[in-house]
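In: Return atomic coordinates for the entry below.
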Amino acid sequence: MRERLFLASLLAAFGFMVTAAQAELSLATSGTGNDVQILREVLKAFEEKTGEKVNIVSMPQSTSDQFTQYRLWLSAQNPDVDVYSTDVIWPPQLAKHFVDLTPYAQDIIKETFPSVIQSQTIDGHLIAVPSFTDTAVLFYRKDLLAKYNKPVPKTWAELTATAKEIMEKERAASNKDMYGFVFQGAPYEGLTCDALEWVASNGGGQIVDPDGTITINNDKAVKALELAKSWVGTIAPQGVLSYKEEDARGVWQLGNAVFMRNWAYAYALGNSADSPIKGKFDIAPLPKGEAEGATSAAALGGWNWAVSKYSKHQKEAIELVKYLASAATQKYNLLAGVSGLPTVEALYDDPDLKARRPDLALWKEVLEHTVPRPSAPTKTKYNEVSSLFWTAVHNTLAGRGSATDNLDRLEGQLTELQGGDW
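Out: Here you go, the predicted structure:
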């Protein structure tokens, strides 16, 4: 198998040497789809070449729960975890606990998208090296759009109308379980991403702007959330209020949704050999709002590798994260079917990857129009900011108060949390 041969040569090219002192490392991570299985294959090759052992510490799928556990371990200066898989938004909050990788990662820095390196650099220190980057797109059933002669929607209003029409006609014809649109509606970080896209794509800002100004309480944001509220129980199931990524993908991949908002990982899984929708769907940039000047907006995601300051094996852990972040490893990951997108810009022009993943060109285009969550301006308070935001949004979607009232209340809560300065 081509991927196996590539993996066999991967570490030889990386140039590792077996050392006399063989460390046993622990790596904390979570994963979706088959990502963890692929990671185990990559780590096995590392172990065979270096003589070291790497244990995976499995974390919850919920990024909020994962962050809480990380903060507990790091605050206690726990030496048992050497390497942490970290969300793109976490560096401002956890930076003091991680090794500055700047001196060790110059090659990685040179070949990685500058925006990714910037997102992981705090006060001039590279806190983590990239595992993969990520963003969201609109997944759509191209067979159903063709069947009903509908174009790919460019606005959320168009999506709403198209989803409703196709859902009703499909239900009347055969599929009683068909819905128009599924997304991440549970009260967690995923909803922050979805709702930020709705708001930003309607010209409603980024919750807290880059200069630290709280801007979420505005008419354009209200309209975006009221439209999203109208989806629940109509084109989206009532249960969407508890959906995370895998819940939405489950409905979508069974063939029971016309549209889905999700991350890159769902593309390869949707086209897997046993997928009922293999070859029946495609992807497009997320729709925009109706406000003047509105543009598509996709939340910037991605995960990275950080080395704990409390590790007893920092040298070996640094070598591990450099290996995991390398262009060779990222190429193998994509060839093997990993969910994320490469952070090495040159890989988007790699002929092997372009042949395997013709969708890469679109992902690169979408990555150029991403919107960051406000972790940089809110610094160590981002987790609380996000929690307050997703709570206000979830209350709105669930009918517990209007978008106007909930965003007005949110502005007051954020102002109090800000306390004059983030």
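In: now the protein, which segments are flagged as low pLDDT?
Out: Counting by pLDDT under 70, the low-confidence segments of the chain come to 1-21, 32-33.
In: Strictly from the record, what residue spans define the domains of it?
Out: 2-134+301-371, 135-299+373-418 (automatic domain parsing).
In: where along the stretch 301-422 of the chain do the strands fall?
Out: 370-371 (DSSP state E, counting those that start in this stretch).
In: Tabulate the domains of the chain in TSV, adding columns for mean neighbour count.
Out: For the C-beta atoms, the positions are set from N, CA and C on the backbone; glycine is no exception. Converted to TSV, the domains of the chain look like this (neighbours: other Cβ atoms under 10 Å):
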stretch	mean neighbour count
domain 2-134+301-371	18
domain 135-299+373-418	19
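In: So which residue is smack in the middle of this structure?
Out: Centroid-nearest residue in the chain, with Cα atoms, centre = their mean: Gly301, separated by 3.8 Å.
In: what's the closest non-adjacent residue to it?
Out: Asp134 (3.5 Å; Cβ to Cβ, 6 or more residues apart in numbering).
In: In which helix or strand does the one you found reside?
Out: Here Asp134 sits within strand 129-141, counting by DSSP states H and E.
In: Contacts for the helix or strand following that strand, please.
Out: Downstream of strand 129-141, the first helix or strand assigned by DSSP H and E is helix 142-147. Residues outside helix 142-147 that contact it (Cβ atoms under 8 Å, 6 or more residues apart in numbering) are 150-152, 162, 166, 170, 258, 280-282.
In: chain center to helix 142-147: distance?
Out: 28 Å (Cα atoms, centre = their mean, to the nearest Å).
In: Pull it out as CSV, backbone CA atoms only.
Out: C-alpha atoms of helix 142-147 as CSV (Å, rounded to 0.1, in the frame of the first residue of the first chain):
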residue,chain,number,x,y,z
LYS,A,142,-25.2,17.7,-5.4
ASP,A,143,-27.5,14.9,-6.5
LEU,A,144,-30.5,16.4,-4.8
LEU,A,145,-29.7,20.0,-6.0
ALA,A,146,-29.5,18.6,-9.5
LYS,A,147,-32.7,16.6,-9.1
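In: Now do the very next helix or strand once past it and strand 129-141, the angle between them.
Out: Per DSSP H and E, helix 142-147 leads on to helix 156-173 as the next helix or strand towards the C-terminus. Between helix 156-173 and strand 129-141, the angle comes out at 60 degrees (axes from the mean of the first three to the mean of the last three Cα atoms, to 10 degrees).
In: Just checking: what are the partner strands of whatever helix or strand comes next after helix 156-173?
Out: Next in sequence after helix 156-173, counting helices and strands by DSSP H and E, comes strand 179-182. Note on strand 179-182: by DSSP bridges, its sheet partners are strand 257-263 (parallel).
In: CA atoms of the strand it pairs with as CSV?
Out: The C-alpha coordinates for strand 257-263 follow below in CSV (Å, rounded to 0.1, in the frame of the first residue of the first chain):
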residue,chain,number,x,y,z
ALA,A,257,-29.8,15.9,5.3
VAL,A,258,-29.5,18.2,2.2
PHE,A,259,-27.0,20.6,3.8
MET,A,260,-24.5,20.3,6.6
ARG,A,261,-22.0,22.8,8.2
ASN,A,262,-18.9,20.9,9.4
TRP,A,263,-15.1,20.8,9.4
